[in-house]
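>>> Here is the input, now give the coordinates:
(2 chains)
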Amino acid sequence: MSKKSEIAAAQSERVDLTRALRDAGLAALLAFALFLPLIGFWARNVGEGLLLVTRWDALALVVLIVAAARLFYTLVAQPWLKRQRARRTEIAPPWRTALAKWFIPFAIGFVVVYPLIAIAGAGMRGSIKWVDNFGIQILIYVMLGFGLNIVVGLAGLLDLGYVAFYAVGAYSYALLAKTFGLTFWILLPLAGVLASFWGVLLGFPVLRLRGDYLAIVTLAFGEIIRIVIVNWVDLTNGYAGITSIPRPTFFGIPFNADDNGFAAVFGLEFTPLHRTLFLYYIILGLALLTAWVTVRLRRLPVGRAWEALREDEIACRSLGINTTNTKLTAFAMGAMFAGFAGSFFAARQGFISPESFTFIESATILSIVVLGGMGSQVGVAIAAIVMIGGTEIMRELDFLKEIFGADFDPTKYRMLLFGFCMVLIMVWRPRGLIATRRPSVFLKERKTISADLVKEGHG
Amino acid sequence: MEVFLQQLINGITLGSIYGLIAIGYTMVFGIIGMVNFAHGDVFMVSAFIALIAFLILTSWLGIGSIMLALLIVLIVAMLFTSLVNWVIERVAYRPLRGSFRLAPLISAIGMSIFLSNFVQVAQGPRNKSVPPMVHGEFVLMTRNGYPVTLSVKQLVIWGVTAVLLVAFWYVVTRTSLGRAQRACEQDQKMAALLGVDVDRTISMTFVIAAALAAVAGTMYLMHYGVITFSDGFVPGVKAFTAAVLGGIGSLPGAVVGGILIGLIETMWSAYFSTDYKDVAAFSVLAITLIFLPQGLFGRPDVEKV
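The predicted model follows:
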């Protein structure tokens, strides 16, 4: 490199620094104006009335954070992204293909032994939290993500009311188990059937709609089902919810401290961990079943029809594919898995109320599917771990209390960060984390292609 | 009859609030073809800004004239909310323009979650109630001992809505900004070729949408006197219903749709049950989209290969 160009490069870097500082200053100014009314002032509830309080320290902190983030973005993140973009190639490097090949068996192996790791790491007592809050909670969302992935990722039908089918599954289990005393293993398939029946019922009127309109109508249906659950007090007990739902048993042996309980029968010391482990493996089995069924379905004519529908509905119809049946099967399959997950959820909690089936849940599941990369199951699983595990871990950050004072409660910021991350990931990678498509039919060799190359029709 | 008249007055009041929000949906959908999911939450944020401004004026500065206070509150709320929506468009939607079709919608859903939780964290989850700002009412008629009343605050809402709609109508039809907006709505690439600054036009659309939402937010606060962080979602969906009912992309349609939704909601509450009043609005949304997707004033959507 000649001396002249070196100087030019150095100069441009220095110019960058002043520009970055100026940008950061502007961002700080903007943040000040933006957060002045709602952070700078606080309408505090005092008794019945409101008292206006100022919080200049919090405002200053937020403005500083925004300025620092902007500085970091212009100095570090932007050049890095630029380099990444320049280096990106269409064909994945060989190490990545090798990783992809070994990743899935390794991941399945890991989730199978995960409870043992938790027990080894945190002891019998401490591991319940890790298996229940992290393992089971994340796996429920993985399963819901897989189910919605059939509707959104494969068939390209944007469904914002998916949680309605989850609710149908949960309430079917709760009501049938309490009224008729049926067991978990009979009700699990029954809940799936009922949910898929509702999937067809709600899917039928919206067949003609596409894209955003479909999303809004499914949202409306989801909300209608929730409002009916809230107001039909005779059946569902309204906001109070249904309590003491029977828990699943191990082939008829309940998990309790009685003489005929699981621990006594097998001669073990009683611990609530047994039930948690049992539930963990049930939901793991259900999630793997969903994944496996989806993989198999993709190779059947109906699965190919779904993907054809996603890519271009008009072409699909021109080729003689019955789009009505294709869409309805997608809705029914997706709803069925939501029904399974719902009945599992009711059995695990022992208590359900309409609070668990709000629009936020639908948005969470949808964001898991989209952030993971639509159609990619590995992506969905990773997104579920990041989004749900990430928000769960906020509960564990007690050390922050020592930094910010005792009244600092990290759980308050869970959904705030969740929404923020949704926007951030969308802006950073609009195609999701795993943005590749693996064709199910191919001529000579199977090539994984970037989803950027696929142009989706309006379906 | 008198119950009906009273509900008509209430319905139009509620409907004008919905109509103001609906314009924001319909304009943004018209220009970039995206359902701005966060718009309901922008409305909620504007109501909070109005609340703070109102508290500053009354409890710190001690402004006596309520109409002057209301005017200042309205202007402050419009300014700050416009800024908020301008930033949202720059940060969350502009980078995704030209990306695949679900990306902006997901980003908007994320923004909606962010805004409502931001307000929850910053201002607390409890209901914020303000004392009634405007007093007085006129009794229009009394029959069988049932008075039909029109309160001053309803009159204020009607008046402010009407004035702003006229101003807005003037901007869209008579100014160069409005012309640029309509050009971008028809064909963005062509508009750009002809020298229209598309980015700036889209930004201004968001600013106008937010200003109208802020008017709705201030009116909502004045009418109900109470607001919480979760109050954005349901009015947002209802306003979207209004936009769809009127024909999405059509501005008079949004106003007419808003008033219709307001009327349907109040009539439903008066004659059937208040428990299911949201079901009524949501059903109207579903029925309209299924049987009349182009709405009352919209152009039918032509399917092109």
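>>> contacts and neighbour counts: CA atoms only from here.
Will do.
>>> How about the residues of the stretch 101-250 of chain B by chain A?
Contact residues (CA under 8 Å from any CA of the partner chain) of the stretch 101-250 of chain B with chain A: B:103-104, B:106-115, B:117-119, B:121-124, B:126, B:128-130.
>>> I'd like to know which of the residues you listed are buried.
Of all those considered here, the ones buried according to neighbour count by 16 or more other CA atoms under 10 Å in any protein chain shown are B:103-104, B:106-115, B:117-119, B:121-124, B:128-130.
>>> OK, contacts around the nearest residue to A:Leu29 once chain neighbours are set aside?
Residue nearest to A:Leu29 in three dimensions, not counting chain neighbours: A:Val63, with 7.8 Å by CA to CA, 6 or more residues apart in numbering or on different chains. Going by CA atoms under 8 Å, 6 or more residues apart in numbering or on different chains, A:Val63 touches A:28-29, A:31-32.
>>> Filter the residues you listed down to just the ones in helices.
Per DSSP state H, helices hold the following members of those: A:28-29, A:31-32.
>>> Which strand or helix spans the residue in chain A that chain B sits nearest to?
Across chain A, the shortest distance to chain B (CA to the nearest CA) belongs to A:Gly419, at 4.2 Å. With secondary structure defined by DSSP states H and E, A:Gly419 is part of helix A:414-428.
>>> do the same with A:Thr294
helix A:273-299.
>>> What ranges in the chain fall below the confidence cut-off?
Went with chain A since none was named. A:1-15, A:87-94, A:398-408, A:435-442, A:445-459 (pLDDT under 70).
>>> Correction: the question concerned chain B.
Using pLDDT under 70, the flagged stretches of chain B are B:300-305.
>>> the strands in it, which residues?
B:128-129, B:137-143, B:146-151, B:226-227 (DSSP state E).
>>> Roughly how far does B:Ala50 sit from chain A?
Distance of B:Ala50 to chain A, given as CA to the nearest CA, to the nearest Å: 9 Å.
>>> just checking, that residue touches B:Leu74?
Yes - here B:Ala50 lies in contact with B:Leu74, judged by CA atoms under 8 Å, at a distance of 6.9 Å.
>>> List the contacts of B:Thr81.
In this structure, B:Thr81 makes contact with B:42, B:45-46, B:49, B:210-211, B:214, judged by CA under 8 Å, 6+ apart.
>>> sorry, that was for A:Leu417
In this structure, A:Leu417 makes contact with B:Phe114, judged by CA under 8 Å, 6+ apart.
>>> cool, and the one 3 residues further on?
When contacts are counted by CA under 8 Å, 6+ apart, A:Phe420 is found next to B:110-111, B:114.
>>> hmm, back to that, mind listing the shared neighbours of B:Ala50 and B:Leu74?
Among the neighbours of B:Ala50, those also in contact with B:Leu74 (CA under 8 Å, 6+ apart) are B:Thr218.
>>> Share the number of residues neighbouring A:Gly49, please.
In terms of burial, A:Gly49 registers 12 neighbours under the definition other CA atoms under 10 Å in any protein chain shown.
>>> Just grab the bridge partners of it for me.
On the basis of DSSP bridges, A:Gly49 takes part in beta bridges with A:Val46.
>>> and what of the one 4 residues further on?
Here A:Val53 shows beta-bridge partners A:Trp42, assigned using DSSP bridges.
>>> buried stuff in stretch A:280-298?
Of all the residues in stretch A:280-298, those buried under the rule 16+ other CA under 10 Å are A:280-281, A:283-284, A:286-288, A:290-291, A:294, A:298.
>>> mind saving the C-alpha coords of stretch B:258-277 as CSV?
Provided in CSV are the C-alpha atoms of stretch B:258-277 (Å, rounded to 0.1, in the frame of the first residue of the first chain):
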residue,chain,number,x,y,z
GLY,B,258,-65.0,4.4,12.4
ILE,B,259,-68.4,5.9,13.1
LEU,B,260,-70.1,2.7,12.0
ILE,B,261,-67.9,0.6,14.4
GLY,B,262,-68.6,3.1,17.2
LEU,B,263,-72.4,2.8,16.5
ILE,B,264,-72.3,-1.0,16.3
GLU,B,265,-70.4,-1.2,19.6
THR,B,266,-72.7,1.2,21.6
MET,B,267,-75.9,-0.3,20.1
TRP,B,268,-74.7,-3.8,20.9
SER,B,269,-73.9,-2.8,24.4
ALA,B,270,-77.2,-1.1,24.8
TYR,B,271,-79.5,-3.8,23.4
PHE,B,272,-77.6,-7.0,23.9
SER,B,273,-74.8,-7.4,26.4
THR,B,274,-71.7,-5.5,27.3
ASP,B,275,-69.7,-8.7,27.9
TYR,B,276,-69.6,-9.5,24.2
LYS,B,277,-69.2,-6.0,22.8
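>>> Now do the same contact list for residue 287.
In the absence of a named chain, chain A is used. A:139-140, A:142-143, A:146.
>>> my bad, the chain I had in mind was chain B
Listed by CA under 8 Å, 6+ apart, the contact set of B:Ile287 is empty.
>>> Show me what the helix or strand hosting A:Ile138 is packed up against.
In the assignment (DSSP H and E), A:Ile138 maps to helix A:137-148. Taking 3 or more CA pairs under 8 Å, 6 or more residues apart in numbering or on different chains; DSSP states H and E as contact, the helices and strands that helix A:137-148 lies on are helix A:273-299, helix A:323-349, helix A:359-372, helix A:377-384.
>>> A:Gly192 and A:Ser343: what is the separation?
Using CA to CA, to the nearest Å, A:Gly192 is found at 8 Å from A:Ser343.
>>> Give me the more crowded residue out of these two.
A:Gly192 (30 against 27).
>>> Past the helix or strand harbouring the more buried one, which element shows up next along the chain?
The secondary structure element spanning A:Gly192 is helix A:184-203 (assigned by DSSP H and E). Reading on from helix A:184-203 to the C-terminus, the next helix or strand found by DSSP H and E is helix A:211-231.
>>> That following helix: which residues count as buried?
Taking 16+ other CA under 10 Å as the criterion, helix A:211-231 shows A:211-230 as buried.
>>> Output stretch B:51-61 as PDB, restricted to C-alpha atoms.
What follows is the C-alpha trace of stretch B:51-61 in PDB, where atoms were taken according to Å, rounded to 0.1, in the frame of the first residue of the first chain:
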ATOM      1  CA  LEU B  51     -51.900  12.800  30.600                       C
ATOM      2  CA  ILE B  52     -48.400  14.000  31.600                       C
ATOM      3  CA  ALA B  53     -48.900  17.300  29.800                       C
ATOM      4  CA  PHE B  54     -52.200  17.800  31.500                       C
ATOM      5  CA  LEU B  55     -50.700  17.100  35.000                       C
ATOM      6  CA  ILE B  56     -47.900  19.500  34.300                       C
ATOM      7  CA  LEU B  57     -50.300  22.200  33.200                       C
ATOM      8  CA  THR B  58     -52.800  21.800  36.000                       C
ATOM      9  CA  SER B  59     -50.700  20.800  39.100                       C
ATOM     10  CA  TRP B  60     -47.500  22.700  38.400                       C
ATOM     11  CA  LEU B  61     -48.300  25.700  36.300                       C
END
